[in-house]
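Participant: Predicted model, plus sequence, below.
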2 protein chains.
Amino acid sequence: MSILAVGSVAFDSIATPSGRVKDILGGSGTYFALSASYFTDVRLVAVVGEDFTAEHESVFKKRKIDTRGIERAKGKTFRWGGQYLENLNEAKTDFTELNVFQEFRPIIPAEYMDSKFLFLGNVQPTKQAEVRRKMNHVQLTGCDTMNFWIQGARAELLETLKLIDVLLINDGEAKMLAGERNLPRAAQKVLAMGPQALVIKHGEYGATIFFREGAFGIGRHPFRAPTLPIDEVKDPTGAGDSFAGGFMGYIASQETLNREVLKRALFYGGVMGSFAVERFGTERLQNLDREEIESRFEIFRELTHLE
Amino acid sequence: MSILAVGSVAFDSIATPSGRVKDILGGSGTYFALSASYFTDVRLVAVVGEDFTAEHESVFKKRKIDTRGIERAKGKTFRWGGQYLENLNEAKTDFTELNVFQEFRPIIPAEYMDSKFLFLGNVQPTKQAEVRRKMNHVQLTGCDTMNFWIQGARAELLETLKLIDVLLINDGEAKMLAGERNLPRAAQKVLAMGPQALVIKHGEYGATIFFREGAFGIGRHPFRAPTLPIDEVKDPTGAGDSFAGGFMGYIASQETLNREVLKRALFYGGVMGSFAVERFGTERLQNLDREEIESRFEIFRELTHLE
């Protein structure tokens, strides 16, 4: 079923040990949408400036992503510049020009209102909550956030967490949000804030999902899916958003919603993240097929499968 | 079957966010031996000074570890001081006093010469090779090393790697040894140096084992076992050595030697590492039972088990 994603579309300038690129298509919404598009229909709500061309849009169109929700505003598109030096796991931001993203208020086209699955990308928590409240047919809402909001808009974020089903954040964010260093304990504290499940992303080591008692079926144990850089890591940008796209996209493609589906979704998240980093920007995510995805899913399944 | 371990016995002074301790029993050989002792008989070759008391020795005796290989030398026992500040994954060394460990030349008691399993802890590579060459009944040799030897005694280390079966190192060490950032490629380069299998430890995220083509059976895929800090992390010291003890100890306890055994051993490594960090020093490793170990093994198995 269709998934509605709210996020950013940006032009990124990136330097890594493998090279550098300037003003290439990026943004959390872009990576998420491309990644999810291999599993289900995707509708994207974002804002771009006058410098967003038909050629840029064709990247989405080729993946059959519904772009009616991409608002064209006066001004320039969000721009980000960053570099990965010795440590490929950590970006050093060179510049952030929010441009039209500064005043982004997500507008949901009428045709999108029947969406059953919703992903709230990393935007201001109050805007996330506004979108969630408007959508009356949503069965499951995934949500991203970041340190900036955890520290700077905590009260608003806590309100948003009451409205969502699955929060997807990284180790550092989970520990900061919970005020607790121990991962399983941090997870329990975050779950008590509202979400039914919490996905903690461990970068190149995969991700762990923690469930609220009784949510999505029975069981008290968390679940971890791996990832492994199969090919060269050229550009880590967008790995987390691609993970979220694989995770949410797989869930939206399934008939039922239970723990086993969420576990498999966690694997698909790791799979899509591992593809994303193999080329600069979205290049690899533009040119995949389901067979490659299934083949890597099998590699990752074997990676953790004990007889 | 009995496992012979060569390593250090030390007195550690440690500060972590949970507290501080002074001159407590530690050292790679100590953590390894205590951890492995829950799976099989352990023989320890190490050196201590005149300050090593019967009370210290009783820690080994209580776990039925054979201490005839612990040499008493004139002088003081190896001392290490370090602290874990914000990041529990990284120790900042305050001081290292090698003392009697400086001139350590492993002496293998005659009663140990029939050992079928050997673990060469992190000592100078030439000394590791000397021990390996002396042992004529060994079926499997595990080996640890560190950045210091990878950079400072590379030629000697490469000789040692030709003599061993399983190398256990962490991500940074594997990448440094191979001169390659991509983990699977780094693993292939290290395997080409000699070992039949390579265990890369990911700290709090578990470990991955890579196999040389045809080694320990058929299959081309690596395998990953998780770890998860179930209880509070009070003191990360010795986690890697405890991992090695669980891994090697489980292997030595099995009748056969194949990939499935090595995979399960990787789980037991994660289990023992997760116990070790729950208390300061070796406290937790002194007071475990097999039931607790099996129960945590099950938690970790469920953590990655896809239907």
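Facilitator: That came through fine. Numbering: from 1, shown residues only, chains lettered A, B, ... in the order given.
Participant: does A:His205 really touch A:Thr227, like I thought?
Facilitator: To be clear, residue A:205 is Tyr; His isn't right here. Yes. Using CB atoms under 8 Å, A:Tyr205 is in contact with A:Thr227, at 7.0 Å. Bear in mind the C-beta positions are built from the backbone N, C-alpha and C, glycine included.
Participant: Looking at these two, which one has more neighbours?
Facilitator: Taking other CB atoms under 10 Å in any protein chain shown, A:Tyr205 and A:Thr227 do not tie; A:Thr227 has more neighbours (27 against 23).
Participant: can you pull the pLDDT of the more buried one?
Facilitator: A:Thr227 is assigned 94 on the pLDDT scale.
Participant: and the closest residue to chain B within the stretch 151-300 of chain A, how far is that from B:Asp171?
Facilitator: Using CB to the nearest CB, the single residue of the stretch 151-300 of chain A nearest to chain B is A:Tyr205, 3.8 Å away. Distance, A:Tyr205 to B:Asp171, using CB to CB, to the nearest Å: 9 Å.
Participant: for A:Lys62, same thing?
Facilitator: Applying CB to CB to A:Lys62 and B:Asp171 gives a distance of 37 Å.
Participant: wait, isn't A:Cys143 in contact with A:Glu159?
Facilitator: No. Assessed by CB under 8 Å, A:Cys143 is found out of contact with A:Glu159, at 12.0 Å.
Participant: Please list the residues of chain A that sit near chain B.
Facilitator: Within chain A, the positions adjacent to chain B are A:17, A:88, A:181-184, A:202, A:204-206, A:208, A:221-226, A:228-233, A:260, A:263-264, A:267, A:299, A:301-307 by CB under 8 Å from any CB of the partner chain.
Participant: Just the buried ones from those?
Facilitator: A:88, A:181-183, A:202, A:204-206, A:208, A:222-226, A:228-230, A:233, A:263-264, A:267, A:299, A:301, A:303-304 (16 or more other CB atoms under 10 Å in any protein chain shown).
Participant: Just the ones of those in helices?
Facilitator: Taking DSSP state H, the ones among those that sit in helices are A:183, A:263-264, A:267, A:299, A:301, A:303-304.
Participant: Let me know the pLDDT of the residue sitting furthest away from the middle of chain A.
Facilitator: Computed with CA atoms, centre = their mean, the maximum C-alpha offset from the centroid of chain A is found at A:Glu307, amounting to 32.2 Å. Here, the pLDDT recorded for A:Glu307 equals 81.
Participant: Which strand or helix spans the closest residue to it other than its chain neighbours?
Facilitator: With sequence-adjacent residues excluded and distances taken as CB to CB, 6 or more residues apart in numbering or on different chains, A:Glu307 is closest to B:Glu260, at 5.5 Å. Per DSSP states H and E, B:Glu260 falls inside helix B:259-276.
Participant: pLDDT on the following helix or strand past that helix, on average?
Facilitator: Taking DSSP H and E as the definition, the helix or strand that follows helix B:259-276 towards the C-terminus is helix B:283-286. Taken as a whole, helix B:283-286 has a mean pLDDT of 98.
Participant: Give me the helices and strands touching helix B:283-286, please.
Facilitator: If you count contacts as 3 or more CB pairs under 8 Å, 6 or more residues apart in numbering or on different chains; DSSP states H and E, helix B:283-286 packs onto helix B:28-36, helix B:259-276.
Participant: Tell me the buried residues in the longest one?
Facilitator: Spelled out, it's helix B:259-276. In helix B:259-276, the ones that count as buried by 16+ other CB under 10 Å are B:259, B:261-276.
Participant: show me which of those neighbour chain A.
Facilitator: B:263-264, B:267.
Participant: In JSON lines, list the ones in helices among the buried ones among the residues of chain A next to chain B along with pLDDT.
Facilitator: What follows is those, written out as JSON lines (pLDDT from 0 to 100):
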{"residue": "A:Leu183", "pLDDT": "93"}
{"residue": "A:Lys263", "pLDDT": "96"}
{"residue": "A:Arg264", "pLDDT": "97"}
{"residue": "A:Phe267", "pLDDT": "98"}
{"residue": "A:Ile299", "pLDDT": "94"}
{"residue": "A:Arg301", "pLDDT": "94"}
{"residue": "A:Leu303", "pLDDT": "94"}
{"residue": "A:Thr304", "pLDDT": "93"}
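Participant: Quick check: the two most widely separated of the residues you listed?
Facilitator: Across these, the longest distance by CB to CB is 25.7 Å; it joins A:Leu183 and A:Ile299.
Participant: Doesn't A:Phe243 lie inside a helix?
Facilitator: Yes. The assignment for A:Phe243 is a helix, going by DSSP: H, G, I helix; E, B strand; the rest coil.
Participant: wait, isn't it in contact with A:Lys201?
Facilitator: Yes. With contact defined as CB under 8 Å, A:Phe243 counts as touching A:Lys201 (6.1 Å).
Participant: Have a look at the two and say which one is more surrounded.
Facilitator: More neighbours surround A:Phe243 than the other of A:Phe243 and A:Lys201, with 31 against 25 (other CB under 10 Å).
Participant: How about the contacts made by the more buried one?
Facilitator: Counting by CB atoms under 8 Å, 6 or more residues apart in numbering or on different chains, A:Phe243 touches A:35, A:168, A:201, A:207, A:269-270, A:272-273.
Participant: same check, this time on A:Glu111
Facilitator: A:66, A:68 are the contacts of A:Glu111 under CB under 8 Å, 6+ apart.
Participant: Same question for the one 5 residues further on.
Facilitator: When the contact criterion is CB under 8 Å, 6+ apart, the partners of A:Lys116 are A:1-3, A:137-140, A:252.
Participant: Redo the residues you listed as TSV? Include neighbour count and secondary structure.
Facilitator: Shown next, in TSV, are the contacts of A:Lys116 (neighbours: other CB atoms under 10 Å in any protein chain shown; DSSP: H, G, I helix; E, B strand; the rest coil):
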residue	neighbour count	secondary structure
A:Met1	15	coil
A:Ser2	15	coil
A:Ile3	28	strand
A:His137	11	coil
A:Val138	20	coil
A:Gln139	13	coil
A:Leu140	20	strand
A:Ala252	26	helix
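Participant: Sort the residues you listed by pLDDT and name the bottom one.
Facilitator: Within the contacts of A:Lys116, lowest confidence goes to A:Met1 (88).
Participant: Check whether it really touches A:Thr40, as I assumed.
Facilitator: Yes. If you go by CB under 8 Å, A:Met1 and A:Thr40 touch, sitting 6.5 Å apart.
Participant: between these two, what contacts are shared?
Facilitator: Common neighbours of A:Met1 and A:Thr40, counting by CB under 8 Å, 6+ apart, are A:117, A:252-253.
Participant: Tell me the one among those nearest to B:Gln124.
Facilitator: A:Ser253 (55.8 Å).
Participant: wait, that closest one sits on A:Phe39?
Facilitator: Yes. Using CB under 8 Å, A:Ser253 is in contact with A:Phe39, at 4.4 Å.
Participant: re earlier: so for A:Tyr205 and B:Asp171, which residues contact both of them?
Facilitator: Between them, A:Tyr205 and B:Asp171 share the contacting residues B:His202, judged by CB under 8 Å, 6+ apart.
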